[in-house]
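Q: Coordinates only, no sequence provided:
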Ligand code: NAD
């Protein structure tokens, strides 16, 4: 048995985290791998929040005047530090969030990738020059930094989501205050320490540019309600979004909401079935079903249903479940008992409405919660199929008509990710046009997005977009500037207003 407490201490020491921050606090931190306590983390109290918001505001006033390519230099150094720390950080992600090692490493790689993206972006924060109707005038859009950006993140991407936000927010000229999940404070402390090393090498970053708020949801609420925070980027459950969205709207603050998903995949008769099997297996069982983009609903054409379900059952029966530090498994633990209880509740509810459940049993006992991923053959899209349960449950349904199944696919509250497996180009295009999700894929699963595209979803997923493409614009405000370089004052739309 690996001594996780000791190993975590050694990792945090190497990563440069002050020991008092995680040994002398009041908030316990545990590993889902064994349930073992890892530390007692210091939380931020109400008075300290106020000081940090003041510091973030002061830092913004300085940082916004730093030329954007110079801001990019800080993010470039941050990417270098992340490369150097990748193995240790990845190991810490595995210990604290329970991800298998390749997924832990993948998460840190995402941080590195977004740093690279943001460095390039720091020389491309451009606006348009627009033809004006007035002689001797010039009109253009200019993008300015926004202010203090608050980031609230979920346990299942304990470090990458912060990086998606922070890398863009920083090159755009903002300061950042991050409220990580209370379930993953140690990785947050570690990546903040790594960022601190980049700041030290950079030399003149203002104090308070990137700060951490460790504690419970009340700290997230403080960010949401404080007028000094210009934008809140909140990743988590739709339940959290329902509380956050109206409060931000009430003070006309900006929001990026990245909420729950209930992602579906369709396997059509012409699909490459081996490829589809691999795509569905990773989408449904990867990260123990704890990705916002996890495949939760599978629609199989009648003609391939029996054969595909048989192959899926075989894959489910043989997949390795257990502590990823002790053996080469593909499925690690659920985050905690509440996740296990929610999974069992959903399986019971599915059975009550006619679902045939395969798998789902607990593996082992003690303070950790490992489960066999569950495959549930459903008579239709009823009961728990309509909601996200954050656990490895794949509901399988039959279809015979593509248009009808796309309607069914869209008929849930969330709208994050979707996929079709087909070799028929017409089917693929019909699906891409009709899927109402922020992400729609052909011949790959619903999970595993790259940072280059805009990431996010529609409907109860919140409508936010993070990461690539033009997501950066949300971290800036746009000003339309018109300059008159003539001696006359022509008014727009030909309006006349002559004074003597
Ligand atoms: P959660 O909603 O319980 O918590 C997420 C974060 O929000 C935590 O930091 C928490 O402290 C904070 N929080 C909770 N209530 C709050 C409130 N009222 N005001 C302010 N902050 C509050 O989610 P979780 O269990 O950590 O993560 C799983 C959920 O996150 C799933 O629903 C998953 O789909 C979703 N998720 C979405 C995305 C996405 O990009 N769409 C990415 C990752 C996770």
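A: Perfect, thanks for sending it. Everything numeric here is computed off the predicted structure, so don't read it as measured data.
Q: Could I get the full set of helices for this structure?
A: Assignment of helices within the chain using DSSP state H yields the ranges 4-15, 19-23, 46-63, 68-97, 101-121, 160-171, 185-202, 217-225, 238-250, 273-285, 302-318, 337-352, 402-410, 425-434.
Q: Counting by contacts, list what the last one packs against.
A: The criterion is 3 or more CB pairs under 8 Å, 6 or more residues apart in numbering; DSSP states H and E, and the helices and strands that helix 425-434 contacts are helix 402-410, strand 417-421, strand 439-442. (Glycine included, C-beta is placed from N, CA and C.)
Q: hmm, 6 Å instead?
A: If you count contacts as 3 or more CB pairs under 6 Å, 6 or more residues apart in numbering; DSSP states H and E, helix 425-434 packs onto no helix or strand.
Q: List the contacts of that helix.
A: 268, 402, 406, 420, 422, 440, 442 (CB atoms under 6 Å, 6 or more residues apart in numbering).
Q: Name only those of those residues that count as buried.
A: Listed as buried from the contacts of helix 425-434 are 268, 402, 406, 420, 422, 440; burial here means 16 or more other CB atoms under 10 Å.
Q: where does the stretch 101-250 of the chain dip in pLDDT?
A: The stretch 101-250 of the chain contains no residues with pLDDT under 70.
Q: Return the residues of it in contact with the ligand.
A: The stretch 101-250 of the chain has residues 152-157, 179, 181-182, 216-217, 220-221, 224, 235-237, 240, 243-244 near the ligand, with proximity defined as CB under 6 Å from any ligand atom.
Q: Quick one: residues contacting residue 128.
A: residue 141.
Q: make it 7 Å
A: 140-141 (CB atoms under 7 Å, 6 or more residues apart in numbering).
Q: So the most centrally placed residue in the chain versus residue 110, what's the distance?
A: Centroid-nearest residue in the chain, with CA atoms, centre = their mean: residue 161, separated by 4.7 Å. Using CB to CB, to the nearest Å, residue 161 is found at 9 Å from residue 110.
Q: What count of nearby residues applies to residue 30?
A: The local packing of residue 30 (other CB atoms under 10 Å) involves 19 other residues.
Q: Which residues are in contact with it?
A: 36-38.
Q: how does it look with 10 Å?
A: By CB atoms under 10 Å, 6 or more residues apart in numbering, the residues touching residue 30 are 4-5, 36-39, 96, 183, 335-336, 367-368.
Q: Quick check: residues of the stretch 251-400 of the chain near the ligand?
A: Within the stretch 251-400 of the chain, the positions lying close to the ligand (CB under 6 Å from any ligand atom) are 258-261, 292, 388, 390.
Q: can you count the residues close to residue 194?
A: Neighbours around residue 194, by other CB under 10 Å: 22.
Q: brain fart, residue 313
A: 15.
Q: My guess is it contacts residue 375. True?
A: Yes. Judged on CB atoms under 10 Å, residue 313 makes contact with residue 375 at a distance of 6.3 Å.
Q: Which neighbours do those two have in common?
A: 358-359, 396.
Q: quick one on the thing from earlier: mind putting the buried ones among the contacts of helix 425-434 into JSON lines with pLDDT and distance to residue 167?
A: Converted to JSON lines, those look like this (pLDDT from 0 to 100; distance: CB to CB, whole Å):
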{"residue": "268", "pLDDT": "98", "distance to residue 167": "38"}
{"residue": "402", "pLDDT": "98", "distance to residue 167": "40"}
{"residue": "406", "pLDDT": "98", "distance to residue 167": "35"}
{"residue": "420", "pLDDT": "98", "distance to residue 167": "32"}
{"residue": "422", "pLDDT": "98", "distance to residue 167": "36"}
{"residue": "440", "pLDDT": "98", "distance to residue 167": "26"}
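Q: Any idea which residue of the stretch 351-500 of the chain lies closest to the ligand?
A: residue 390 (5.1 Å; CB to the nearest ligand atom).
Q: Contacts only, for that residue.
A: 154-156, 237, 260-261, 288-292, 294, 296, 334-335, 338-339, 342-343, 346.
Q: which of the residues you listed are buried?
A: The buried subset of these (16+ other CB under 10 Å) comprises 154-156, 260-261, 288-292, 294, 296, 334-335, 339, 342-343, 346.
Q: Sort out for me which of these are in strands.
A: Counting by DSSP state E, these place residue 296 in strands.
Q: correct me, but residue 438 touches residue 462?
A: Yes. Counting by CB under 10 Å, residue 438 touches residue 462, with 9.5 Å between them.
Q: These two: who's more crowded?
A: residue 462 (28 against 25).
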